[in-house]
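Student: My questions are about this predicted structure, shown below with the sequence.
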Amino acid sequence: MKKHSHILLPLAVFVLALGVRLVYLLQLRHSPGFACPIMDAAYHDQWARQIAAGDWVGREAFFRAPLYPYFLGTMYAVFGTNYLAVRVVQFVLGALTCVLIYWLGLSTRGRAVGLLAGLGAALYGPMIYYVGELQLPVLETLFAAGLLLSVAVAMKRPERMGPWAMAGLSVGLFALTRPNVLVFVPVLAIYMLLRLERKAAWRGIGVLALVTAVCIAPATIRNYVVSHDFVLISSQAGVNLYIGNNPQSDGVTAVVPGTRATWWGGYRDTINIAERAAGRALKPSEVSGYWMRQALGFIASQPVEALRLTLKKTFLFWYGHELGNNEVVYAATWHSPLLGALMWRWGPWRFPFGLLGPVALVGMGLVLFRREQSLMPSALFVLAYSASVIAFFVCSRYRIPCMPALLVLAAYAVVEAVQGARGKQYRLLLGMVVVATGLILLLNHDFYGAGGLDLEKAHLDDAFRYGQIGKVAEAEREYRLAIAAEPTRIEPRFGLARLLYKQQRLDEAKELYRGVLSQDPNRWEALVGMAEVLGAEKRPGEAIPLLRRAIALDPAGTEAYGVLAGCLQAMGRKAEAEQTLLSAPRDEAGGELIDRQLAQAAFEKGDYAGAEELYRKALARQPGDAATLLLLAQSLLSQSKLAEAEEAARKSLDARQSAEAWQVVAICRISQNDAQGAMVAATRAVELDPAALQARFILAGCLYERGQREAAAKHCKEILRQQPGFKPAKDLLEHLGQ
């Protein structure tokens, strides 16, 4: 056993880690969030779809670090938009991370520390949860473990450049995932200069810095090429600094005061506010600079309050509770008993971080007190990285990159305690137990009232997800539970209003919109929603002022332009409607809606080639959208591009079954003299929608050709019952002698 332990132990860690994650995956598949990402995950999903569709360069400087969306986009390009395949890959990477953590512990403090850290990683609930989301931690933890392992190896043999190059590669890739890690580079460089022979230290620093720079350079160059703006990696630093450093900040909530809580709404609002203050359009770096100055102004003008806020964020970083950012972490346990056993709340106690955090701090204290050089880089990483998070705002997800180091430090503390007990070092053991107990009591105490479960948010998230996957009754139930949990919050009432509108329950939707607008008259989404209801009630004239007001509040809000164009169209003001669409911004989320409306206008004018071009633009923004693919198929069919039309229709069917798409396939098949294929497609169309008359007629014709005259006549009669003027059906029926 000992002879093969170097293979068997990491293999055991990998098998356990992957097995636990795959069990969680089986349970996760039944949750409404499995195929419906929201907020940051939805942003990554949308970006990845664009990449998979061929938009590898983009058009603006990166607002957020790009590596994870490119990783996700590559998987979409390989597997399609397959959330199961993506999660399997991510869980394999998560299991490999556990092996790297085992090796980190092994290389720094021996087999016992390595095995305990690796097993802890395999069963650490929050890591399992986050690696199952379309979020950054799957790469962050992998690169953090790789970085610390590379440094541990390099410090033993500093003359070898390979480990330093691997450390630089880990830093560079980590920075492209989350730039915070760059704060660790100067800390590590100083440590190297203090611990290593000067020449070896400078060579190692040079290699590490060079490889890091080579990794980051493509993002910097690309940002400058597409935007003529110098943005090192991403431009969100200033906004994020202000979120965590302003007079209204609580250190947790990820919203700029005075902006909308939606992802794109908040993004546009931060730009609009900065540009209004400057009196001109701003580049991304200038928007970031504006908010950074606001944050630094708050710190300079209110230093006592800023210090108090920093102390609060420091505590919350180490608090045992899993603080959500745009998700309620503990709500995931509603859908997974396994996760519920590995991550839970009981009274004031929080597991696992309420235990792991204090024990890891004890281990870090031992490392610093003893100057334990093998683990010093891990301790310094935790100190530097946690400081980089605390400077902005905190949540559970942002401390996950520290887990490789914290798991090893906690394992070190446990092994030292066991060895102290065996060696009868009772003073050491007592001191460790007393400090750990004190920290457990301290870090499980809810000093700031942040340890509750936000039921309103949890139900709201599930409601949105159920709505997206078409489970309307479940969505309505969750919206009403969210409203009951927090009656004054706008978001669940707005969400329910949207759901009711889609069900044509217009009076109920209108009443909810009225309530939202009475509470916040400038709520952009509610203005657009109320206008949609009025449009559906054939009152476009009343809707138009609301939409013009919405556009004045947010000129970048594409949805308002689309609804306004629809209202103008309904009033016969076609030229004005088209001009509204042409003036709408189409450079971000929602642009595909405008392209689709312009395409529809072109289609109605008989400009099928123009419609095709616009539908393809819409698909470039939202690849795989079933409705747009169907419309593209219809425009291609009108140009007699049968093969392309059928391909687009079948892609639409891959995303969503519809009678219209099957009808296009049937027309394409019969036009190419494939009676069998046409009959199959037409049958599916009629099964899905008995009113699919073209498909029904194709089916009747196929049956006639097969000699099934009575069946053909039956379909013709049904067509004429639904549409008495359908001449081809009349002609066939007469031919049949009926």
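Tutor: Happy to help now that I have it.

Student: contacts, neighbours, all on C-alpha from now
Tutor: Fine.

Student: all strands of the chain, in order?
Tutor: Assigned strands in the chain, in chain order: 344-346, 349-351 (criterion: DSSP state E).

Student: and the residue nearest to Tyr290 when sequence neighbours are not counted, what pLDDT?
Tutor: With sequence-adjacent residues excluded and distances taken as C-alpha to C-alpha, 6 or more residues apart in numbering, Tyr290 is closest to Ala274, at 6.3 Å. According to the predicted model, the pLDDT of Ala274 comes to 86.

Student: surely Ala274 meets Val287?
Tutor: Yes. Under the contact definition of C-alpha atoms under 8 Å, Ala274 touches Val287, with a separation of 5.9 Å.

Student: the more surrounded of those two?
Tutor: Applying other C-alpha atoms under 10 Å to Ala274 and Val287 shows that Val287 carries more neighbours, namely 23 against 19.

Student: Can you tell me how far that one is from Gly244?
Tutor: Between Val287 and Gly244 the distance, using C-alpha to C-alpha, to the nearest Å, works out to 17 Å.

Student: Leu581 now?
Tutor: Distance, Leu581 to Gly244, by C-alpha to C-alpha: 38 Å.

Student: One more: Arg514?
Tutor: Arg514 sits 33 Å away from Gly244, going by C-alpha to C-alpha.

Student: what about the two, which has more around it?
Tutor: Gly244 (28 against 16).

Student: Could you pull up the contacting residues of the more buried one?
Tutor: When contacts are counted by C-alpha atoms under 8 Å, 6 or more residues apart in numbering, Gly244 is found next to 250-252, 254, 391-393.

Student: redo that, cut-off 7 Å
Tutor: Contacts for Gly244 were tallied using C-alpha atoms under 7 Å, 6 or more residues apart in numbering; they are 251, 392-393.

Student: Report pLDDT for it.
Tutor: In this prediction, Gly244 carries a pLDDT score of 90.

Student: got it, and the one 3 residues further on?
Tutor: Model confidence at Pro247, expressed as pLDDT, equals 91.

Student: Once you drop chain neighbours, what's closest to it?
Tutor: Phe298 (7.1 Å).

Student: just checking, that neighbour touches Gln248?
Tutor: No. Taking contact to mean C-alpha atoms under 7 Å, the distance of 10.5 Å between Phe298 and Gln248 leaves them out of contact.

Student: tally of neighbours for the closest residue to Thr81 other than its chain neighbours?
Tutor: Ranked by C-alpha to C-alpha, 6+ apart and with sequence neighbours excluded, the top spatial neighbour of Thr81 is Arg49, at 7.6 Å. When neighbours are counted by other C-alpha under 10 Å, Arg49 registers 28.

Student: Can you verify my assumption that Arg49 contacts Pro623?
Tutor: Yes. Between Arg49 and Pro623 there is a contact at 5.7 Å, judged by C-alpha under 7 Å.

Student: where's the dip in pLDDT among the contacts of Gly244?
Tutor: Where pLDDT dips furthest among those: Gly251, at 86.

Student: what's near enough to touch that one?
Tutor: 244, 309, 313, 393-394.

Student: Save the residues you listed as JSON lines, and put in distance to Ile205 too.
Tutor: Supplementary listing: the contacts of Gly251 in JSON lines, determined by distance: C-alpha to C-alpha, whole Å:
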{"residue": "Gly244", "distance to Ile205": "32"}
{"residue": "Leu309", "distance to Ile205": "35"}
{"residue": "Lys313", "distance to Ile205": "32"}
{"residue": "Phe393", "distance to Ile205": "30"}
{"residue": "Val394", "distance to Ile205": "30"}
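
Student: In those, find the pair that's most separated.
Tutor: Spanning the widest gap among the contacts of Gly251 are Leu309 and Val394, at 11.3 Å by C-alpha to C-alpha.

Student: These two: who's more crowded?
Tutor: Val394 (28 against 22).

Student: my read: the more buried one touches Val252, true?
Tutor: Yes. Using C-alpha under 7 Å, Val394 is in contact with Val252, at 5.3 Å.

Student: so where's this protein uncertain?
Tutor: By pLDDT under 70, the low-scoring segments of the chain are 1-5, 261-264, 586-594, 597-599, 602, 621, 655, 738.

Student: The residue nearest to Tyr290 and Leu142, how far apart?
Tutor: Counting by C-alpha to C-alpha, the gap between Ala274 and Leu142 amounts to 36 Å.

Student: what does Gly677 give?
Tutor: As for Gly677, its distance to Leu142 is 49 Å (criterion: C-alpha to C-alpha).

Student: These two: who's more crowded?
Tutor: Neighbours of Gly677 and Leu142, each counted by other C-alpha under 10 Å, are more numerous for Leu142; the result is 23 against 17.

Student: Format the strands of the chain as a markdown table; extra columns: mean neighbour count.
Tutor: Compiled in a markdown table, the strands of the chain are given as follows (neighbours: other C-alpha atoms under 10 Å):
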| stretch | mean neighbour count |
| --- | --- |
| strand 344-346 | 14 |
| strand 349-351 | 21 |
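
Student: Turn these into JSON lines, including distance to Ala685.
Tutor: Putting the strands of the chain into JSON lines (distance: least, C-alpha to C-alpha, whole Å) gives the following:
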{"stretch": "strand 344-346", "distance to Ala685": "48"}
{"stretch": "strand 349-351", "distance to Ala685": "53"}
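
Student: Nearest to Ala711, out of those?
Tutor: When the strands of the chain are compared by C-alpha to C-alpha, strand 344-346 sits nearest Ala711, at 62.0 Å.

Student: So which elements touch the closest one?
Tutor: In this structure, strand 344-346 makes packing contacts with strand 349-351, judged by 3 or more C-alpha pairs under 7 Å, 6 or more residues apart in numbering; DSSP states H and E.

Student: Which strands or helices does the strand it packs on pack on?
Tutor: The helices and strands touching strand 349-351, judged by 3+ C-alpha pairs under 7 Å, 6+ apart, are strand 344-346.

Student: List the strands paired with the strand it packs on, with their directions.
Tutor: For strand 344-346, sheet partners with direction are given as strand 349-351 (antiparallel), following DSSP bridges.

Student: Relative to Leu119, how far out is Pro404?
Tutor: In terms of C-alpha to C-alpha, Pro404 sits 12 Å off from Leu119.

Student: And these two? Which one has more around it.
Tutor: The residue with the greater number of neighbours, taking Pro404 and Leu119 and applying other C-alpha under 10 Å, is Pro404; the counts read 30 against 23.

Student: how much space is there between the more buried one and Phe315?
Tutor: Looking at Pro404 against Phe315, where the rule is C-alpha to C-alpha, the gap reads 20 Å.

Student: what's the answer for His321, then?
Tutor: For His321, the distance to Phe315 (C-alpha to C-alpha) stands at 11 Å.

Student: quick one: which of those two has more around it?
Tutor: Taking His321 and Phe315 together and counting by other C-alpha under 10 Å, His321 has the greater number of neighbours (30 against 18).
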